[in-house]
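*Asks:* sequence-free structure coming up:
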Ligand code: ADP
Ligand code: MG
């Protein structure tokens, strides 16, 4: 049995002369809620994009559930069970809330189910619909299912983005700055929601610029600065780490 769900070794990504992610080793275990923080430009999104197939790494290795996944395509990463959200929201504004989520649910069906979509259309539709409603009520958007996504408040759109990722039935969820643009109260609610999801057994990697959110809920926090991992410890230890404080103050 493999306790480790995701692992990187020497992960490096360069853009021309700039090393955005520099030789980063990471281990994430089943059930963990891990924070990845760092000042703007630290390389968090680039690291994340290397994990999820959006950027092939320049060097190093990514493993998911014991298998190397370095350099595979984003849709393959999604199919393996890594759900993600984007720092800049990617929901479809002219589709309803329901349809935005059901697209994710379609992807979660097995290959044979999707092949069967034609002859057994009703059955499949029902499965997708049930799953979509489940998730919508989980994130508190069921009463807005028929609304166009564009009409949702910014805070609600953030939940829609998470709902879309959840609809794919991920084995690991990676969130890129989910609290960006939210006020303090909304951030608190989101923190609670993320924590609940994790307590139900979903491993989560939470990428955040804001230290406050991660410190309250994460089991462990990794810190990137100028592409390098400068700390990887409990929230308490990380908050007292001089290199971390310097990176943030000097940011
Ligand atoms: P963070 O998410 O921590 O704010 P990023 O990963 O977005 O940091 O960026 C890390 C560094 O890599 C920054 O200096 C940024 O300008 C650079 N960078 C990110 N993406 C690209 C890209 N596609 N092309 C060139 N440089 C990039
Ligand atoms: Mg970023």
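*Replies:* Good, I have the coordinates. Keep in mind that what you see is a predicted model, and the values were worked out from it rather than measured. Ligands and ions are numbered 1, 2, ... in the order given.

*Asks:* spit out the contact partners of the residue nearest in space to the middle of the chain.
*Replies:* Nearest to the geometric centre of the chain sits residue 174, at 1.8 Å (CA atoms, centre = their mean). Residue 174 is in contact with 48, 51, 52, 82, 83, 84, 85, 204, 205, 207, counting by CB atoms under 8 Å, 6 or more residues apart in numbering. Where C-beta positions appear, they are placed from N, C-alpha and C, glycine not excepted.

*Asks:* okay, and the helix or strand of this protein with the least pLDDT?
*Replies:* Every helix and strand in the chain was compared by mean pLDDT, DSSP states H and E; the lowest is helix 111-115, with a mean of 51.

*Asks:* for the helix or strand containing the residue nearest to the centre of the chain, what is the distance to the chain centroid?
*Replies:* Take DSSP states H and E as the rule and residue 174 turns out to sit in strand 172-176. The chain centre lies 1 Å from the centre of strand 172-176; the measure is CA atoms, centre = their mean, to the nearest Å.

*Asks:* count of neighbours near whichever residue of the chain sits closest to ligand 2?
*Replies:* Per CB to the ion, residue 45 is where the chain lies closest to ligand 2, at 3.2 Å. Counted with other CB atoms under 10 Å, residues neighbouring residue 45 total 21.

*Asks:* now swap in residue 243 and tell me
*Replies:* 13.

*Asks:* setting aside sequence neighbours, what's the nearest residue to it?
*Replies:* Spatial nearest neighbour of residue 243, chain neighbours left out: residue 230 (4.8 Å); criterion: CB to CB, 6 or more residues apart in numbering.

*Asks:* for the stretch 1-150 of the chain, what spans make up the strands?
*Replies:* For the stretch 1-150 of the chain, the strands defined by DSSP state E, counting those that start in this stretch occupy 4-15, 18-29, 33-37, 59-64, 67-68, 82-84.

*Asks:* who does the strand holding residue 174 pair with, and is each partner parallel or antiparallel?
*Replies:* strand 82-84 (parallel), strand 204-208 (parallel) (DSSP bridges).

*Asks:* let me have those in JSON lines, extended by mean neighbour count.
*Replies:* Shown next, in JSON lines, are the strands paired with strand 172-176 (neighbours: other CB atoms under 10 Å):
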{"stretch": "strand 82-84", "mean neighbour count": "25"}
{"stretch": "strand 204-208", "mean neighbour count": "24"}
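
*Asks:* buried ones in stretch 241-251?
*Replies:* The neighbour-count check on stretch 241-251 (16 or more other CB atoms under 10 Å) flags 241, 244, 247, 248 as buried.

*Asks:* what helix or strand is the second one located in?
*Replies:* Element membership of residue 244 [criterion: DSSP H and E] is helix 242-250.

*Asks:* how about residue 165?
*Replies:* Assigned by DSSP H and E, residue 165 falls in helix 154-167.

*Asks:* and that helix, what's its mean pLDDT?
*Replies:* Mean pLDDT, helix 154-167: 93.

*Asks:* cool, thanks, talk later.
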